[in-house]
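S.K.: 3D, please:
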Amino acid sequence: MFARVASATVVGIEAAPIDVEVDVGVGLPGTHIVGLPDAGVREGRVRIRGALDNSGLKLPLRRITVNLAPADLRKDGAAFDVPIAVGMLCAAELVDARALEQTLFVGELALDGALRPVRGVLPIAAWARARAVRRLVVPPANAAEAAVVGVGASFQIHAPANVGELVAWLRGEGGASAEPPAPLPDATPPVADLADVRGQEVPRRALEIAAAGGHNLLFVGAPGSGKTMLAQRLPGILPALTFDEALETSMVHSIAGLLGGGGLLRARPFRAPHHTVSVAGLIGGGPQARPGEIALAHNGVLFLDELLEFPRAVLESLRQPLEDRAVSIVRARRTVSYPTDFMLVAALNPCPCGYLGSTIRGCTCSTTAVGNYRARLSGPLVDRIDLHVEVPALPYHQLALADEGEPTSAVRARVGAARERQRERGKTWNARLPSPALARVAALDAAGHQLLERAATHLGLSARAIARIRRVARTIADLEGSAEVRAVHLAETLQYRLLDQTTT
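M.R.: Below is the predicted model of the structure:
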């Protein structure tokens with residue numbers, strides 16, 4: 001007998017349909033899986049046989065052939081256990097084929113027959129609903145994740161706990177509930193308040209500008225000056241995710257298996273990988289081309305502390321994703337793309353010992369050591385960072401006498417107002433403005449052109465750096481509610497170009 005079961009896999013953040021074809025025929029008993037499966041899929045035949053035997057479902061001792069179509073698409077993971085098991089039962093006439101119509105199955109099987117969670121259920125659910133699939137069968141731990149796309153009479157989610165419940169439901173004997181568990185409440189982690197930062201008016205101002213325009217930001221300062229403290233407070237002043245942003249961000253986290261059975265992400269991601277991270281860990285890769293840290297930071301913040309401790313190859317791999325807001329991972333048989341529209345915030349020490357220019361502790365580094373240390377940061381990467389700001393180490397008396405800083409709520413209100421002005425002009429933030437739009441919305445008067453020309457000549461600015469300066473100036477104007485970019489906005493922007501000033 002022959003059976004066909006609908007399933008799906010994930011390529012990038014998009015789902016791709018997979019037909020699971022099962023034939024129970026004459027031949028030596030055994031199970032053969034074809035269709036470009038990886039080791040995890042091939043091992044499924046052992047899990048499936050054990051799950052069915054322990055659930056009291058005996059397959060005939062015949063030759064079973066499983067084909068995963070299309071055959072030219074690599075299949076990986078254990079999500080095909082459930083559709084293969086259902087196909088075997090249908091081909092063995094233990095389940096009616098009519099029960100499988102307009103139904104899509106995903107899930108891993110335990111040896112006792114329980115359904116275990118798998119990665120990528122959210123993009124699969126979104127794909128299934130958009131293509132008029134009426135029923136989606138997922139493990140219970142993935143039910144709330146799948147329900148994010150919405151359920152109703154035309155699209156139902158079924159979450160059987162084990163194979164026994166699944167078979168009973170397919171036979172019309174009850175079992176799996178037609179209503180999945182309600183989505184778990186969105187866990188929004190507590191946000192550190194910007195009021196905790198005392199002093200540091202210039203770095204605080206730069207943080208607000210970066211948040212208002214979506215700009216990349218680099219803090220330079222001695223150890224303990226507050227660079228990390230400032231960066232950790234950036235998500236709190238960013239506007240809340242829109243539904244579309246939350247859905248796309250949740251899809252990436254679903255593929256990485258990081259949703260934890262919850263629903264839609266509401267807090268903007270804040271990813272802070274250690275400086276020992278590899279290129280594949282940061283950009284994405286591996287045999288299954290999994291998303292890396294930059295994709296997991298999509299619509300959020302990527303924080304790189306101790307920037308110059310990262311390997312040079314890792315830092316240079318950021319150049320293309322920072323420009324294109326997407327990354328493509330090329331493998332022999334496929335190319336996978338992930339969105340990477342994140343804000344980069346980085347922190348570094350001014351020298352190897354960290355105390356160059358400090359008024360609290362003397363620097364012990366030679367001029368050569370400082371030069372070699374800073375040479376690790378390439379000019380093309382610096383060009384892609386909009387603001388570079390010094391975070392000075394404040395002496396005790398300044399910290400003790402400084403008033404409590406402005407709270408996160410007040411700064412978030414200004415950032416939200418500035419972003420609303422950008423939204424009214426177009427659909428992109430200032431940091432993403434293309435050149436034609438930049439010339440229109442950030443036009444300079446004669447004084448502005450003269451100031452920028454002098455700065456470009458004195459600092460040796462590239463064309464990319466000049467464009468980024470104009471984008472930041474546009475953001476400062478938005479924060480002030482100004483329709484025009486004036487010379488005073490450019491002047492403030494130029495003080496946030498520390499590395500240009502120190503390399504000339």
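S.K.: Centre-most residue in this protein?
M.R.: In the chain, the centroid-proximal residue (Cα atoms, centre = their mean) is Leu296; its distance is 2.3 Å.
S.K.: surely that residue meets Leu259?
M.R.: No: using Cβ atoms under 8 Å, Leu296 makes no contact with Leu259, being 11.5 Å away. C-betas here are computed from N, CA, C, even on glycine.
S.K.: Need the overlap of contacts for the two.
M.R.: His253 (Cβ atoms under 8 Å, 6 or more residues apart in numbering).
S.K.: circling back to that earlier point, report pLDDT for the residue nearest to the centre of the chain.
M.R.: On pLDDT, Leu296 comes in at 97.
S.K.: Now do the SS call for the closest residue to Glu306 other than its chain neighbours.
M.R.: Distance criterion Cβ to Cβ, 6 or more residues apart in numbering; nearest residue to Glu306, sequence neighbours excluded, is His275 at 5.2 Å. For His275, the assignment made with DSSP: H, G, I helix; E, B strand; the rest coil gives coil.
S.K.: His275 and Leu307, how far apart?
M.R.: Separation of His275 from Leu307 (Cβ to Cβ, to the nearest Å): 8 Å.
S.K.: Compare the two and say which is more crowded by neighbours.
M.R.: Leu307 (22 against 13; other Cβ atoms under 10 Å).
S.K.: wait, doesn't that one sit right on Ser378?
M.R.: No: using Cβ under 8 Å, Leu307 is not in contact with Ser378; the gap is 11.6 Å.
S.K.: residues shared between the contacts of these two?
M.R.: Leu315.
S.K.: Tell me where the stretch 251-400 of the chain is predicted with low confidence.
M.R.: 332 (pLDDT under 70).
S.K.: Now for this protein, the helix or strand with the poorest mean pLDDT.
M.R.: helix 396-401 (a mean of 76; mean pLDDT, DSSP states H and E).
S.K.: Off-centre distance for that helix?
M.R.: 39 Å (Cα atoms, centre = their mean, to the nearest Å).
S.K.: List the buried residues in stretch 151-159.
M.R.: Val151, Phe155, Gln156, Ile157, His158, Ala159 (16 or more other Cβ atoms under 10 Å).
S.K.: now these in TSV, with secondary structure?
M.R.: Output for those, formatted as TSV (three-state DSSP):
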residue	secondary structure
Val151	coil
Phe155	coil
Gln156	strand
Ile157	strand
His158	strand
Ala159	coil
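S.K.: And those, which is closest to Asn67?
M.R.: Asn67 has its nearest neighbour among these in His158, at 25.0 Å by Cβ to Cβ.
S.K.: measure that closest one to Leu166 for me?
M.R.: Distance from His158 to Leu166, by Cβ to Cβ: 8 Å.
S.K.: quick one, what contacts the residue nearest to Glu306?
M.R.: Leu304, Asp305, Glu306, Glu309, Phe310.
S.K.: go again using 10 Å as the cut-off
M.R.: Leu304, Asp305, Glu306, Leu307, Leu308, Glu309, Phe310, Pro311, Val314 (Cβ atoms under 10 Å, 6 or more residues apart in numbering).
S.K.: May I have the phi/psi pair for Arg271?
M.R.: phi -110, psi 130 (degrees, to the nearest 10).
S.K.: Not counting its neighbours along the chain, what's nearest it?
M.R.: Ala297 (4.2 Å).
S.K.: What is the neighbour count of the one you found?
M.R.: 26.
S.K.: List just the nearest of the buried residues of stretch 151-159 to Ala3.
M.R.: Checking these one by one against Ala3 (Cβ to Cβ), the nearest turns out to be His158, at 18.7 Å.
S.K.: and the closest one, how far is that from Ala132?
M.R.: 17 Å.
S.K.: In this protein, where is pLDDT below threshold?
M.R.: Ranges of the chain meeting pLDDT under 70: 175-189, 332, 502-504.
S.K.: now the lengthiest strand in it, how far from the centre of its chain.
M.R.: If you go by DSSP state E, the chain has its longest strand at strand 14-25. Relative to its parent chain, strand 14-25 has a centroid offset of 29 Å by Cα atoms, centre = their mean.
S.K.: for stretch 28-46, same thing?
M.R.: That offset, for stretch 28-46, works out to 32 Å (Cα atoms, centre = their mean).
S.K.: Start and end of it, how far apart?
M.R.: Using Cα to Cα, to the nearest Å, the end-to-end distance of stretch 28-46 comes to 17 Å.
S.K.: buried ones in it?
M.R.: Counting neighbours by 16+ other Cβ under 10 Å, one finds that the buried residues in stretch 28-46 are Thr31, Ile33, Gly35, Leu36, Pro37, Gly40, Val41, Gly44, Arg45.
S.K.: Mind giving me the packing neighbours of the host helix or strand of the last one?
M.R.: Right, Arg45. In the assignment (DSSP states H and E), Arg45 maps to helix 44-54. The helices and strands touching helix 44-54, judged by 3 or more Cβ pairs under 10 Å, 6 or more residues apart in numbering; DSSP states H and E, are strand 30-34, strand 63-69, helix 81-91, strand 108-109, helix 163-170.
S.K.: follow-up on the earlier one: hmm, the residue nearest to Arg271 is touching Thr249, no?
M.R.: Yes: counting by Cβ atoms under 10 Å, Ala297 touches Thr249, with 9.2 Å between them.
S.K.: and for those two, which residues touch both?
M.R.: Arg268, Pro269, Asp341.
S.K.: Tabulate the residues you listed (JSON lines), appending distance to Leu100 and secondary structure.
M.R.: Formatted as JSON lines, those follow (distance: Cβ to Cβ, whole Å; DSSP: H, G, I helix; E, B strand; the rest coil):
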{"residue": "Arg268", "distance to Leu100": "40", "secondary structure": "coil"}
{"residue": "Pro269", "distance to Leu100": "38", "secondary structure": "coil"}
{"residue": "Asp341", "distance to Leu100": "39", "secondary structure": "coil"}
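S.K.: Check the residues you listed against Ala125 and report the nearest one.
M.R.: Among these, and counting by Cβ to Cβ, the member closest to Ala125 is Pro269, at 20.7 Å.
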